[in-house]
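Participant: turn this into a structure:
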Amino acid sequence: MADSSTADELAIRALVHRYSDAVVRRDEAAWAETWAEDGEWHIMGRPTKGRDEVVALWRTLMSGFPFVVQIPGSGVIELAGDQATGRWSMTEHGRGPGGTGMLTLGLYRDSYSRIRGEWRFARRRFDPMYMGPADLSAEPLQIPADEEGSA
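Facilitator: From the prediction side, this is the model:
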C-alpha cells in the first residue's frame, strides 16, 4: 500500500510541476493537459469551469504578461483513493505590459482526480498573499480561510 501511495504522491507532485513548466514555456496544450475535462479554476476571485473555459481564461491572463516564471514551493497532499487534495505555495515573477516587474506570492488549494490512470486537476484555487514590486514594498494581502473539503 505504501508503494501505491508514494507513486500517487509523486505523480501529483509531477502534475503540479508540469503545470508550472507549461506556464513558463507558455505551452497552452501542455497546460491544458493538466486539467480534468470538467475542471474548475478559481483565480483572482473568478471561478471558471470546464477545460475549454479554463484554457480560454489562461490565454487571456497570459496575454497580459510577456514574461512569467512560476516556481512551485512546498506542498502537502492528502490521498483518498482516486481523489486527493493538496496545498502549494507559489512564487511567480512576471513582467506586465509596459515592462513593469511584479512578484506574486500565493497559495494554491487543489483537488485532484485520477482519470484513466492519470492525475488531473479537478479544482484549483489560487489566493495571492502578495502582489507587487519584488522588494516586497507593497502591503501583503489577506489569505481567505480554507474552504470545506480543501487541503
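Participant: how about the helices of the protein, start to end?
Facilitator: For the chain, applying DSSP state H gives helices covering 2-25, 28-32, 51-63.
Participant: mind checking which of those is nearest W88?
Facilitator: Nearest of the helices of the chain to W88, taken as C-beta to C-beta: helix 2-25 at 6.0 Å. All C-beta atoms are positioned from the backbone trio N, CA, C, and that covers glycine.
Participant: dump the residue contacts of S113.
Facilitator: Contacts for S113 were tallied using C-beta atoms under 8 Å, 6 or more residues apart in numbering; they are A36, D82, Q83, W119, R120, A122.
Participant: who wins for neighbours among those residues?
Facilitator: Among these, W119 has the most neighbours (other C-beta atoms under 10 Å), with 23 neighbours.
Participant: how many residues are close by Y19?
Facilitator: Y19 has 22 nearby residues by other C-beta under 10 Å.
Participant: my error: substitute A80 in the last question.
Facilitator: 8.
Participant: what does I77 give?
Facilitator: By the criterion of other C-beta under 10 Å, I77 has 20 neighbours.
Participant: thinking it is in contact with T85, fair?
Facilitator: Yes - I77 lies in contact with T85 (C-beta atoms under 8 Å); the separation is 7.4 Å.
Participant: so which bits of stretch 56-75 are buried?
Facilitator: L57, W58, V68, Q70, P72, G75 (16 or more other C-beta atoms under 10 Å).
Participant: endpoints of that stretch, how far apart?
Facilitator: By C-alpha to C-alpha, to the nearest Å, the extent of stretch 56-75 from end to end equals 27 Å.
Participant: and stretch 41-58, by the same measure?
Facilitator: First-to-last residue span, stretch 41-58, C-alpha to C-alpha: 10 Å.
Participant: show me what counts as buried in that stretch.
Facilitator: Those would be W41, H42, I43, T48, R51, V54, V55, L57, W58, for stretch 41-58 by 16+ other C-beta under 10 Å.
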